[in-house]
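Enquirer: Build me a structure from this.
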Amino acid sequence: MPRKTDARPADDTARKQQRIQREQDHADAEARAQAKGQPSSGAAKQRKAVAPGPHREEPAPPMPRQHLAKPGHEAEMAQKPRFDAPHYQGSGKLSGFATLVTGGDSGIGRAVAVLYAREGADVAIVYLNEHDDAVRTRQLVEAEGGRCLLIPGDVKDPQFCRDAVAKTVHAFGKLDVLVNNAAFQEHALAIEDLSEERFDETLRTNVYGYFHMAKAAVPHLRRGASIVNCGSVTGLKGSKHLLDYSATKGAIHAFTMSLAANLMDKGIRVNAVAPGPVWTPLNPADKPADEIEQFGAGTDMGRPAQPEEISPAFVFLAAPCCSSYISGIVLPITGSVG
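Expert: Down below sits the predicted model:
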């Protein structure tokens, strides 16, 4: 019988991340004060945003000037992300599957949970302590016909990860798909601003968390099962102000390819999706309000993606009917050519 989850470590982690955020916000304010009166380096050229199709316009910059406290609640966003994918019709690709999505309360994780349920799966949601978002995601999954289990906690803790997998297997009778998506991100203008504590928080959440979840899940995965990791364009190209986050995403890409080779004989596929800028709580909980306005404007499409534009890739890589001959890839969805 899985043990009862203790919420205190997750709350402690949220408070720690909020303190890291406040320290960076203070450094940003000082940098802006020093920059006043200095000549501007010039604004980025504004591109005309490319819509996803003939019948739907996507929000394009300027995005709302809003700065969220970490870990970031989707319910508090002035402009809500689009996750419902109304033109996506389920066809039973994951019928009868038991799935577990970390960071599944909001953003990309919520969008993945909704489509997994639409494709016939039950979904366990692992999240830190954003209970309001998680309850809403559960309602959405259940509205699609799937069962949903909410598991709050910190993926940095290997025992929590083992318990989360055990609870999922206990509730659904098995585990077919693990989606590693939970992440911590906080920018730093210079490497001198990046403390060892912050580097450690990013590394342990983004890399150790994936490792702990995968290690806990593999004994329960059967032939035909899969793991889908969330990478990032920053892991492909780097990011000057996201040194630690980019490093973790590059590590996730290498981990994906290595684990795919390691699990090939077991018949378990491992792949990753590498999104570009996506409108989720992660980013307004990172960037200052005046910078978030132009979020995604630098892509060739001139806008950030919406979560519903990323989530179908997670269905594709999880469903054997779509990708049974694919393992060890990192699929870029970046809004830019090449």
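
Enquirer: how about low-confidence regions in the stretch 51-200 of the chain?
Expert: For the stretch 51-200 of the chain, applying pLDDT under 70 flags the ranges 53-56.

Enquirer: Would you mind measuring from Ala164 to Gln185?
Expert: With distances taken as Cβ to Cβ, to the nearest Å, Ala164 is found 22 Å from Gln185. All C-beta atoms are positioned from the backbone trio N, CA, C, and that covers glycine.

Enquirer: next one: Gly235
Expert: The value you get for Gly235 to Gln185, if Cβ to Cβ is used, is 12 Å.

Enquirer: what's the answer for Gly209, then?
Expert: Taking Cβ to Cβ, one finds Gly209 at 13 Å from Gln185.

Enquirer: ditto for Glu192
Expert: 19 Å.

Enquirer: more crowded one of the two?
Expert: Taking other Cβ atoms under 10 Å, Glu192 and Gln185 do not tie; Gln185 has more neighbours (24 against 7).

Enquirer: The more buried one in helix, strand or coil?
Expert: Of the three states, Gln185 takes coil under DSSP: H, G, I helix; E, B strand; the rest coil.

Enquirer: Just to check, it is in contact with Tyr245?
Expert: Yes: using Cβ atoms under 8 Å, Gln185 makes contact with Tyr245 at a distance of 4.7 Å.

Enquirer: For these two, list the residues in contact with both.
Expert: Thr202 (Cβ atoms under 8 Å, 6 or more residues apart in numbering).

Enquirer: mind listing what the residue lying closest to Gln79 once chain neighbours are set aside touches?
Expert: Nearest non-adjacent residue to Gln79, counting by Cβ to Cβ, 6 or more residues apart in numbering: Pro64, 4.9 Å away. Pro64 sits next to Met77, Ala78, Gln79, Pro284, Ile292, Glu293 when contact means Cβ under 8 Å, 6+ apart.

Enquirer: hang on, the second one is in a helix, isn't it?
Expert: No: counting by three-state DSSP, Ala78 is not part of a helix but coil.

Enquirer: helix or strand for Asn271, which one?
Expert: Here Asn271, judged by DSSP states H and E, is contained in strand 269-275.

Enquirer: Show me the contact partners of that strand.
Expert: 108, 225-233, 235-236, 249, 252-253, 256, 259-260, 263, 305, 310, 313-314, 317, 323-324, 326-334.

Enquirer: Filter the residues you listed down to just the ones in helices.
Expert: Using DSSP state H, the members of these that fall in helices are 108, 233, 235-236, 249, 252-253, 256, 259-260, 263, 310, 313-314, 317, 323.

Enquirer: Tell me where this structure has helices.
Expert: Applying DSSP H to the chain gives helices spanning 8-35, 107-118, 131-143, 158-172, 196-203, 209-217, 233-237, 243-263, 289-292, 307-318, 320-323.
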